[in-house]
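Asker: build me a model:
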Amino acid sequence: MFQIISDGPCDFTREEAQQYGVGIVPAYITFDQETYLKEGIDISTVDYFNRLIEDKNIRPKTAQPNPQDYLDAYTPHLQAGKDILVLTISSKLSGSYSSATMAAEMAKEEYPNQSICVVDSQSVTIGQGLVLREILRMRDAGHSLQDAVALTEKVRETARAYFTLDTLEFLKRGGRVGPTTALVGGILGLRPILQVENGEVSQLDSVRGKKQALALMEEAIVETLADVKEDINICVGHIFNEEEATEFKANTEKKLGIKINTPVTVVSASVGTHAGPGALGFAYCRKYDTLKNKKDVVA
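Answerer: I've put the predicted structure just below:
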């Protein structure tokens, strides 16, 4: 059985990671560009967002794990004779994939008999988390490392994530939109709807008011997934918005006529820095079983 390792943007809690036997390599956060804190270890996600809310002048930065962080995560499992599958945030959004790959090359020199396969999730946050959950299912079903990699590449092609924001303030702080755009958007009550597809973030729409934004997303998820609802997994994520996220999940379950087993998830700082408190989104991907080609898979 292979070991699974992911970077922090998969948004697994430490408790979940321990429960499912997943190694998490956290991202870094800095408020002064000098002191780097590991998210989930040196600072909790909740404490991080509280600081964002309390200090409107703060300009935090996030940074990917470095190769040594990954190497430290790999070593105990390699010493135990295990192969490793590593899942990272989209390489178009972070250098985490590069760090993980570099560490894998370094590890091969000392552990030539073990395999380390690094897979770019081409997603982030709850989308990446769903891909990770499918990998867990593959591992527990007894698939080999090579089969799991092949199936993961198929699953990631089906993963989509959508978000709406409560405010444009945090996009402004991060320089993603100008102050004029943020001001006008605030006055008009505009709520952008963003998508993560093929590893990139883009804006799909912008509507007035959160209720309209959530209603539009609920409508879209039902129209898109009604015919394949038994073949997919769904996750709802949020930042300091658990009540609305729980309601969104319940509405989606009712309209699709299914039970969403993935828990409502708190989005990490890697995305939350730009989305800000109040953000809400959902992601989905196909279950690996529905994509499995018997000719390609041994297990």
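
Asker: list the residues that contact Ser90.
Answerer: By C-beta atoms under 8 Å, 6 or more residues apart in numbering, Ser90 lies in contact with 97, 120-124, 128, 196, 199-200. C-betas here are computed from N, CA, C, even on glycine.

Asker: OK, contacts around Met1?
Answerer: 82, 139, 142.

Asker: ok, now how distant is Asp72 from Ala103?
Answerer: 9 Å (C-beta to C-beta, to the nearest Å).

Asker: higher neighbour count, those two?
Answerer: Ala103 (25 against 13; other C-beta atoms under 10 Å).

Asker: most neighbours among the contacts of Met1, please name it.
Answerer: Of all the contacts of Met1, Arg139 has the most neighbours under the rule other C-beta under 10 Å, reaching 20 neighbours.

Asker: hmm, that residue is touching Tyr20, no?
Answerer: No - using C-beta atoms under 8 Å, Arg139 is not in contact with Tyr20, being 9.1 Å away.

Asker: what touches both of these two?
Answerer: Ile4.

Asker: returning to that earlier point: from the contacts of Met1, which is closest to Thr45?
Answerer: In terms of C-beta to C-beta, no member of the contacts of Met1 lies closer to Thr45 than Arg139, at 25.9 Å.

Asker: that's a helix at that closest one, yeah?
Answerer: Yes - under DSSP: H, G, I helix; E, B strand; the rest coil, Arg139 falls within a helix.

Asker: pretty sure Phe163 is in a helix, no?
Answerer: No - assigned with three-state DSSP, Phe163 falls outside any helix and is strand.

Asker: how about the strands in this protein?
Answerer: Secondary structure of the chain (DSSP state E): strands located at 3-7, 22-25, 28-30, 36-38, 61-63, 84-88, 116-120, 160-164, 190-197, 200-208, 232-238, 265-266, 280-286.

Asker: for Val46, find the nearest of those.
Answerer: Here strand 265-266 is closest among the strands of the chain (C-beta to C-beta), at 7.8 Å.

Asker: for that closest one, which outside residues touch it?
Answerer: 11, 13, 45-46, 125-126, 129, 235-239, 242.

Asker: those into a markdown table, with extra columns for distance to Asp205 and neighbour count?
Answerer: Listed next are those as a markdown table, based on distance: C-beta to C-beta, whole Å; neighbours: other C-beta atoms under 10 Å:
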| residue | distance to Asp205 | neighbour count |
| --- | --- | --- |
| Asp11 | 24 | 25 |
| Thr13 | 31 | 15 |
| Thr45 | 28 | 20 |
| Val46 | 30 | 10 |
| Thr125 | 20 | 28 |
| Ile126 | 19 | 31 |
| Gly129 | 24 | 29 |
| Cys235 | 21 | 24 |
| Val236 | 19 | 26 |
| Gly237 | 19 | 29 |
| His238 | 19 | 27 |
| Ile239 | 20 | 28 |
| Glu242 | 25 | 13 |
